[in-house]
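S.K.: Predicted model follows, preceded by the sequence.
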Amino acid sequence: QVQLVESGGGLVLPGGSLRLSCAASGFDFELYGVNWFRQAPGKEREKVAYITPSSSFTQYSDSVKGRFTISRDNDKNECYLHMSALTPEDTAVYYCNVILGTRGQQWGKGTQVTVSS
């Protein structure tokens, strides 16, 4: 069974940092790129980062560029989103996503990140 499970969210002060994790199972993780999305209350889901299967290329939205870093460990079947210099505007549910070609795409259930003093 294909599964993605996010963890690492929580409450953090403005200016703080968090590391989100996405644990994958049920497919050949090392063959697929991974996306991180986020969705704030009342807003559309936004893609914030992408990493290729071999980590050779990464891409970020303008809203997080320079503050967030995506990485992965194919031996552990995990992907990470390192977030720093967080602001209240980063408050959202963060989702891990993999596009599995003809099998469609898989989403995790998300992890809540709240940036507040």
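M.R.: Now that the structure is in, tell me what you want to look at. Numbers count the residues shown, from 1 in each chain.

S.K.: centroid residue for the protein?
M.R.: Closest to where the C-alpha atoms of the chain average out (Cα atoms, centre = their mean) is residue 36, at 3.1 Å.

S.K.: Next, find the distance separating that one from residue 49.
M.R.: Between residue 36 and residue 49 the computed distance is 4 Å (Cβ to Cβ, to the nearest Å). In short, each C-beta sits where N, CA and C put it, glycine included.

S.K.: same thing with residue 27?
M.R.: 20 Å.

S.K.: between these two, which one's more packed in?
M.R.: Neighbour count, other Cβ atoms under 10 Å: between residue 27 and residue 49, residue 49 has more, with 24 against 17.

S.K.: Wait, that one touches residue 33, no?
M.R.: No - when contacts are counted by Cβ atoms under 8 Å, residue 49 is not listed as touching residue 33 (10.6 Å).
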